[in-house]
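# Coordinates for the following, if possible.
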Amino acid sequence: MSLDTSSTPSPEEPSFSIEAIGFINSDLKEKFGTPRQPGLCPSVVSSIILENSAFNREAITGLENCSHLWILAWFHKNKDMKARSLVRPPRLGGNTKVGVFSTRSPYRPNPISISACSLKGIVIKKNKIHIEINGCDLVHGTPVIDIKPYIPYADAIDESSAGWADEDWPILEVSYSAQARAILDKNQIEDGLTEILCQDPRPAYQKKNEGKVYTFQFRDFDISFETINETHIRVAKITPLKVKNEK
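Numbers count the residues shown, from 1 in each chain. Next up is the predicted model:
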């Protein structure tokens, strides 16, 4: 079958202007350690922060009745990264290349993300509107460009498939040193942190480096963990950032 290009639109240099409507406030402080998909870490609580303007107060009318939201955002950490036609998804071990449009990789022609998150509540605090969400996979400070309701009858598709992404993803065992356990119990951060670590945040090509120590920020802490073996991660140390910065 040939493609008839005679009716194909060819617009003249279309231009677009997108402005952020708000920003993500989150315990996820950097790309490393941030979940690779939404919903994998439901204990991680984030907020979409909007200006408390007359427009925004009207724009969120009825939003409180939704159980879940689609969050469209801009991968702002990709400033110096070019789009790639082929990428290496972690789920395929970091070795197999697939087309970027068959993935949710941030290395896109337009670095737009889409995340389905559960709505926890809406709080208005003086000059800010806080839309509290669970299971968000966006790093702190990410610009939000739109919010849409998740509509079950239209968005939930029976017998759907995501191709290579349907393959099972191993869940790792996570343990904590005595020092780390003391910090966890005092600050009540275990659920969200364990959910992040059991999904294996390590780069796919480094997963056989047993004993290697990795560090990332979560909430107000530096989390240092090591690989015991291919199925076990151990948090060796948790350092409050306030203590670290005072040194």
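# which outside residues touch stretch 231-244?
170, 172-177, 179-180, 183-184, 193, 197-198, 200, 213, 217, 220-228 (C-beta atoms under 8 Å, 6 or more residues apart in numbering). From N, CA and C alone the C-beta is placed, and that goes for glycine too.
# Give me the buried entries from these.
Listed as buried from those are 172, 174, 176-177, 180, 183-184, 193, 197-198, 200, 217, 221-227; burial here means 16 or more other C-beta atoms under 10 Å.
# The residue nearest the centre of the chain in helix, strand or coil?
Central residue of the chain (C-alpha atoms, centre = their mean): residue 137, 1.7 Å from the mean position. The assignment at residue 137 comes out as coil when based on DSSP: H, G, I helix; E, B strand; the rest coil.
# what's the spacing between it and residue 116?
10 Å (C-beta to C-beta, to the nearest Å).
# Now the common contact residues for those two.
Listed as contacting both residue 137 and residue 116 by C-beta under 8 Å, 6+ apart are 38, 39.
# hey, C-alpha coordinates of stretch 141-157 in CSV?
In CSV, the C-alpha atoms belonging to stretch 141-157 read as follows (Å, rounded to 0.1, in the frame of the first residue of the first chain):
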residue,chain,number,x,y,z
GLY,A,141,11.8,21.1,40.6
THR,A,142,10.4,19.5,37.5
PRO,A,143,8.2,22.0,35.5
VAL,A,144,4.7,20.8,35.1
ILE,A,145,3.1,21.8,31.8
ASP,A,146,-0.4,20.3,32.2
ILE,A,147,-2.7,18.3,34.4
LYS,A,148,-5.5,16.1,33.1
PRO,A,149,-7.9,13.7,34.8
TYR,A,150,-7.4,10.0,34.5
ILE,A,151,-10.6,8.7,33.0
PRO,A,152,-11.1,4.9,33.6
TYR,A,153,-13.5,4.1,30.8
ALA,A,154,-11.2,5.7,28.2
ASP,A,155,-7.7,5.3,29.7
ALA,A,156,-7.9,1.7,31.0
ILE,A,157,-7.5,-0.5,28.0
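# residues of that stretch that come out buried?
Neighbour-count burial for stretch 141-157 [16+ other C-beta under 10 Å]: 142, 143, 144, 145, 147, 150.
# Same check on stretch 195-208?
Within stretch 195-208, the residues scored as buried using 16+ other C-beta under 10 Å are 195, 196, 197, 198, 199, 200, 201, 202, 207.
# Which ones among the buried ones among the contacts of stretch 231-244 map onto helices?
Under the assignment DSSP state H, the buried ones among the contacts of stretch 231-244 contribute 180, 183, 184, 193, 197, 198 to helices.
# Serialize the residues you listed to JSON lines and add fields for pLDDT and distance to residue 52.
Shown next, in JSON lines, are these (pLDDT from 0 to 100; distance: C-beta to C-beta, whole Å):
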{"residue": "180", "pLDDT": "94", "distance to residue 52": "39"}
{"residue": "183", "pLDDT": "91", "distance to residue 52": "35"}
{"residue": "184", "pLDDT": "88", "distance to residue 52": "35"}
{"residue": "193", "pLDDT": "94", "distance to residue 52": "32"}
{"residue": "197", "pLDDT": "94", "distance to residue 52": "36"}
{"residue": "198", "pLDDT": "93", "distance to residue 52": "37"}
